[in-house]
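Q: My questions concern the predicted model and sequence given below.
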Protein chains: 2
Amino acid sequence: MTKFFEIGKPTPRLDAIEQVTGKAQYLPDLKFPNMLYGAISRSKVAHGRIHNIDTHKAERVPGVKAVITSSDFSTARVGFFMEMANKECLVSDRVRFIGDDIAAIAAETQESAEEACSLIEVDLEPLPSVFDPEEALKENAPLIHEDSPGNIAGEIHKEFGDVAAGFAASDQVFESTYRTNAVAHCCLETRGALAIVDAHGRLTIWSSTQIPHVLREILSMTLNLPVGKIRVRKEYVGGGFGSRQSSDPNDIICALLAKKTKRPVRLIKSRFEEFTTDRARYPMIMTLKTGMSVDGHIRARQVNILTDAGAYHDQGIMITSHALGRISNCYRVPCAKLDAKVVFTNKVYGGAFRGYGNPQITFAIESQMDEIAEQLNIDPLDLRLKNACHEGDLTVSGARITSCGLTESLTRGASAANWKNKGLRKQKRGIGMACFVHSGGGSAGAHGGNFSSAFIKVEYDGSVDLMTGVPDAGQGSSTALALIAAEVIGIPVANVRVHSGDTGIVPVALGARGSRETFLGGNAVKLAAEDARHQLYTRAAAILDTTVDKLASAHGKIFIKSQPSKFITVAQAASKTMHEYAAAFPMGVPVIASACYTDPISEMADRTTGYGNLCPTYAFGTQVAEVEVDTDTGQVTVLHVIAAQDVGKAINPMAIEGQLEGSISQGIGFALTEQIIWENGVVRNPKLSAYNLPTPLDHSKVTSILIETNDPAGPFGAKGIGEAGLIPTAGAIANAIYDAVGVRIRELPITADKVLDALEKNQQQ
Amino acid sequence: MTKFFEIGKPTPRLDAIEQVTGKAQYLPDLKFPNMLYGAISRSKVAHGRIHNIDTHKAERVPGVKAVITSSDFSTARVGFFMEMANKECLVSDRVRFIGDDIAAIAAETQESAEEACSLIEVDLEPLPSVFDPEEALKENAPLIHEDSPGNIAGEIHKEFGDVAAGFAASDQVFESTYRTNAVAHCCLETRGALAIVDAHGRLTIWSSTQIPHVLREILSMTLNLPVGKIRVRKEYVGGGFGSRQSSDPNDIICALLAKKTKRPVRLIKSRFEEFTTDRARYPMIMTLKTGMSVDGHIRARQVNILTDAGAYHDQGIMITSHALGRISNCYRVPCAKLDAKVVFTNKVYGGAFRGYGNPQITFAIESQMDEIAEQLNIDPLDLRLKNACHEGDLTVSGARITSCGLTESLTRGASAANWKNKGLRKQKRGIGMACFVHSGGGSAGAHGGNFSSAFIKVEYDGSVDLMTGVPDAGQGSSTALALIAAEVIGIPVANVRVHSGDTGIVPVALGARGSRETFLGGNAVKLAAEDARHQLYTRAAAILDTTVDKLASAHGKIFIKSQPSKFITVAQAASKTMHEYAAAFPMGVPVIASACYTDPISEMADRTTGYGNLCPTYAFGTQVAEVEVDTDTGQVTVLHVIAAQDVGKAINPMAIEGQLEGSISQGIGFALTEQIIWENGVVRNPKLSAYNLPTPLDHSKVTSILIETNDPAGPFGAKGIGEAGLIPTAGAIANAIYDAVGVRIRELPITADKVLDALEKNQQQ
């Protein structure tokens, strides 16, 4: 087995000191001389036709330098899939949710900007609204978009294999409906942007983004500027979780204000604005139907989904369509079918959120697995083991499983939880498990390719600068990439400096999304580092009078494998001069390299059928949750979550454990407490204190079990796991609650009220 | 002949708008939150022993955060050749010139810092001083450095061929002594630095430097920090001319104040400090002896130089030793000898200044050429043509002349000046010419190599980002490099963005010095761009169903050479996706490349003999000056300078003409008006209004003649000419004065007083 020197060691983030001492600079820390402050005037009604926007009073507020409305720019639309984007940056004639963007102001102070906002006068004719997706489908429902009859944003009908035949061949068919609600990302840093337009008309925009290069594309399309005239930069980003992987009117409005005023403009959302206007996790109503053989094998599976898109398009159709892979790739399924509608309602539009639809459908799948197990009288662990995917599988939807830790995650997770003795738990305590499959390295999806790229330079002291397009949005990717470069070149990780988040300097990557950073970025860094290493070894071989193939490196030394005492340092190789005798600064020709990595595995789904191997690798995992239910209050306490996670190879175990702990906390919130509560289109809990985000006191004990399956395409075998940890948590908790007190709640969040109601119903039966 | 699309076109600087509208940010525009202001307390005596430095009063000034003296850091020394550096950043026990650095302060305001400076109390025992280099050599002269007996900083004795035999074989021997004085660089921006030390102990320093990577090496040695922990950055730099190609106590003190205070510190020299403490051009006393055949061929040449180093080492020995190449490489010389002493005096130390000693020695050589011509009764033009070097020559000092425009510069310069009719000029007007040779692409010199490197990325709109270590210090190198990238890839130059001046990001280059930027940087950019072009052509060939060798590109299009109407755009090739059908953002695998260029030609001088081909190419040129002399006042007016310059290939003729015009203005100042005037070690003219820098009103008409010799190793045939234009100007003017009024002044500057004195002496004879 290969010995590693740097990867695999628990490694604190390279920027941990900056982060914990408050020295790390976030967007709100950025100030420029002459900078203006922006604010957005927003709709107070959920649906209405605009007859006039009067900005005169706003313009007269002292300090106001610009007031813009939709008439200031042509058809700028916001979204992710731009060909369907139907959200105007600033609305022209219609508002569609409370908070919709009407006008924007740039002023000398934040106070002036906000005062001016309050003086924007909108002559508006209210229209009937609809907030519930099922209501929105009804024939007489108010129409939100003229070009979307029936309020249907999109429909999906896809089938692999013959589902009708599969159900016919089943011994028993199970069907239940599961629901999830809207959940907010609650990044510690709210969304912001700072834009400067220079004398050449070139835009530089700092954004709290997860996707600098993709945002540049979006801005290019929206602002009709070539990408070369746009430079997207980011400072530290206080979390993204998917919320910062799309564009937002905030970025574009900020750019337009800067263009109009010819001054730097900063525009930051308040927490209230973030809760009421930023994308949330798509609520879904999922009716899952599974046909089983009497001995517990899945014969057919079908899901019908109704997704609440909110007022506009973003990624609802793509996110919903991904459910098909989730129902067919984790367990062996001979046929699978997805029918879905994505429906507009008069609420803030949904968007990507860690897991990209997977937390919703996995809650349904894994709840139903336990329901099936009970009915078939099979242990839930055994049922899962019986159906689990294995390495080498080609699934019915076209996924090629090249490495798979699912079975091992089940057995090791169950073992750690003492699963076989679960019946011995004391009253009102229960355990439940849930599995999942997710991409472990992005997908060909949206960009017609799945790739990353890197520049590397080795400095004369043997340290390395790494320029990567992969943005660290708080997830620690820069440290993982540094570890990979350090391992390849043979230097301590502390000697790698990672530069990212500035599209003017770093080569393209597809952003921090889809768990792709380590897999794609890591492979690109590995290629570039291998090129640099070859250059170093060539120099070292000449000095050590050997050949490149006989060399290895570690701890900053390049040595002969068979005689480790014969070495030169990486620094010596990096600074080797052409000439023999001393000069003032023997700087030497530098060692530099560049590399692109294109995942050669994933493919776009077949346009007609949706069939294809969409991801270069798949990450599997099992979580086992232990809960205690207070039957007087309905309150559920999560005592312990065991996360047995297929990580391919743990580049940085400390970071993975951090990711799992953070994910599980988010999963507990999704499972038990978090939801955006609307009443007639008004968010009723638009602040952290009312939203019930789990606090550190609500965290459960987490035990991480890292399963190394050594993916053949992953860098050193690694897979991405940035989203993974959140996906099965809700299912595991729901199953544990059932185990504890016998109530099956099929709608998230499983609030104390729902548990209490269910307990009461159980007692009445 | 090759057709070029971008290079060769007169191209305004890409950043011209920023520069002329005041948007360009220079170091004094940089401010950081919490930033402190620095000041340096300096010696008021020219030579003295320090018994004590009392900082107590200074420390008590409100706002003062740090006071440092030499005891705060160990043996930090400043210089260029660090093994001989003997200037302490802050002196420990001795001051050696008025202005020597004693203590430094960081305070909340500039005023507090300066007040504290004035309260530093130095218990100092004055020592006898010496200001004149000839006096310093005398036996009883005060000794400035204990380890430099006789005040000798260095001696040089080198000979190629047999000079004694050469003189013996000469028909006539000419010997005269020429003197030059100290000249200040007078950059529009004074020297400054801004330093931040982060939580990892890593230093980021912005400096008004010409040599980010070399400064990083100097700081590394001085501060005992690995280069990887130092990031040197620069903003726009308001000129360098050699003054910013070494370190200065300012940079190091600024770094130390930042380290001590843990806050950002900015330290900027005042104009007074710049005049009194910053390096100036080394004054030289040059006795030049030339043996001639009666028919006007040089038989032998010997020079004896006394260089005034000032109080400390910097580059005096190297600069003086370069004189050998100047006396042997321009004209064919069968033997040559240099004997030189570099001598310490109690004045500010000298340093590099555009031409690196060449303006001094060329003044001597070219003055003497005219003196010889007169004595031998040969036209000065003919004498030069008779002796001129030619392509293919191997000179006695080892220089291989691979391209040479000297003869053409003489004939075209003379023709443009109507040389053959020079006798017809009206009274008191005269013309004179001077030639020179200089490096056209740096030299192996100080770094044990002569190289540059570059990263390049082609963006999806067909524009390019170029990361180069070559710093633009106001000379326009970034535009030249952009032109080279644009030409190779076939895109408009406006679509190239150049990033430089940040060692954290850009790969190593050796700085803006020695006229190396276009030659070395250009070759590195060319290699990287060719790699990127190959990637683009490979994609284009597949689309156009042809092969790479059949393609060409220009104006943003890649086309089949034989059918130019069959093309795709560079943007299309750059963004080509892997997949056929539309995706959200068809971003495609990026085209990126990296390249190092090592000049394969230049070599380090032989350690014993000094023999070698020190430069990869040599630039030659002739200037013809026309002057009018006011015989009542002695005032010389330069009416016209014709600069016939071997440029190899004009990448950007507009920039070259600008360089020539600026150089010639500096040459006129050197020739006629500029000098730092000391009296007992005190600078008597430490301000622009007293220093007699030529103003725009003093500029002469300049006619530039660009001679394209297509150097075989230059990028597209180009040579560097950043220093060239200044070198022969003084000689041409001195010769023109002689032509006008018959007085031969052998000491620069040729002030009105000197002319008047000489005229009076002539009349008395």
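A: All right, it came through fine.

Q: what bridges to A:Phe344?
A: Going by DSSP bridges, A:Phe344 is paired in beta bridges with A:Gly310.

Q: Quick check: it touching A:Ser148?
A: Yes: in terms of CB atoms under 8 Å, A:Phe344 counts as a neighbour of A:Ser148; the distance is 6.1 Å. Placement of C-beta: from N, CA and C, glycine included.

Q: and the residue in the stretch 101-250 of chain A that chain B sits nearest to, how many neighbours?
A: In the stretch 101-250 of chain A, the residue that lies nearest chain B is A:Gly228 (3.1 Å; CB to the nearest CB). By other CB atoms under 10 Å in any protein chain shown, 26 other residues sit near A:Gly228.

Q: That one and B:Ile491 touch, don't they?
A: No: counting by CB under 8 Å, A:Gly228 stays clear of B:Ile491, with 9.9 Å between them.

Q: got any residues that touch both of those two?
A: Common neighbours of A:Gly228 and B:Ile491, using CB atoms under 8 Å, 6 or more residues apart in numbering or on different chains, are B:Gly462, B:Ser463, B:Val464.

Q: which of the residues you listed come close to chain A?
A: B:Gly462, B:Ser463, B:Val464 (CB under 8 Å from any CB of the partner chain).

Q: for chain A, longest helix please?
A: helix A:522-544 (DSSP state H).

Q: which parts of that helix are buried?
A: Buried positions in helix A:522-544, judged by neighbour count with 16 or more other CB atoms under 10 Å in any protein chain shown: A:522-533, A:535-537, A:539-541, A:544.

Q: Just the mean pLDDT for that helix, thanks.
A: Mean per-residue pLDDT for helix A:522-544: 97.

Q: Could you do stretch A:233-240 as well?
A: Rounded mean pLDDT across stretch A:233-240 is 94.

Q: Same check on stretch A:192-202?
A: 96.

Q: Any stretches of chain A with poor pLDDT?
A: Applying pLDDT under 70 to chain A flags the ranges A:1, A:74-75, A:445-448, A:576-586.

Q: what residues go with each domain of it?
A: A:31-127+A:188-239+A:244-277, A:280-444+A:604-764, A:451-598 (automatic domain parsing).

Q: quick one: A:Ser220 from B:Ala66, how far?
A: Distance, A:Ser220 to B:Ala66, using CB to CB, to the nearest Å: 48 Å.

Q: no no, A:Thr407
A: Counting by CB to CB, the gap from A:Thr407 to B:Ala66 is 63 Å.

Q: and A:Pro62, which of the three is it?
A: coil (DSSP: H, G, I helix; E, B strand; the rest coil).

Q: which residue sits closest to it in space, ignoring its chain neighbours?
A: Distance criterion CB to CB, 6 or more residues apart in numbering or on different chains; nearest residue to A:Pro62, sequence neighbours excluded, is A:Ser112 at 6.5 Å.

Q: what do you get for A:Arg684?
A: A:Ile677 (4.4 Å).

Q: Tell me how many other residues crowd that neighbour.
A: So A:Ile677, with other CB under 10 Å, has 14 neighbours.

Q: I'd guessed it sits against A:Asn685; true?
A: Yes: here A:Ile677 reaches A:Asn685: they are 5.1 Å apart, a contact under CB under 8 Å.

Q: how close does the residue of the stretch 101-250 of chain A closest to chain B get to A:Gln172?
A: Distance, A:Gly228 to A:Gln172, using CB to CB: 61 Å.

Q: Same check on A:Pro62?
A: Where A:Gln172 is concerned, A:Pro62 sits at a distance of 74 Å (CB to CB).

Q: can you tell me the residue of the stretch 451-600 of chain A closest to chain B?
A: A:Ser463 (3.1 Å).

Q: right, and that residue touches A:Val493 too?
A: No: between A:Ser463 and A:Val493 there is no contact under CB under 8 Å: 10.6 Å.

Q: wait, isn't A:Lys526 in contact with A:Val488?
A: Yes: counting by CB under 8 Å, A:Lys526 sits close enough to A:Val488 to count as a contact (5.8 Å).

Q: sorry, back to before: next up, the contacts around the residue nearest to A:Arg684.
A: A:Val683, A:Arg684, A:Asn685.

Q: For the residues you listed, pick the one with the most neighbours.
A: Busiest of the contacts of A:Ile677 [other CB under 10 Å] is A:Val683, holding 24 neighbours.

Q: partners of that residue in the sheet?
A: Applying DSSP bridges, one finds that A:Val683 bridges with A:Trp678.

Q: As a check, name the ranges of all helices in the stretch 401-550 of chain A.
A: For the stretch 401-550 of chain A, the helices defined by DSSP state H, counting those that start in this stretch cover A:406-416, A:477-489, A:522-544.
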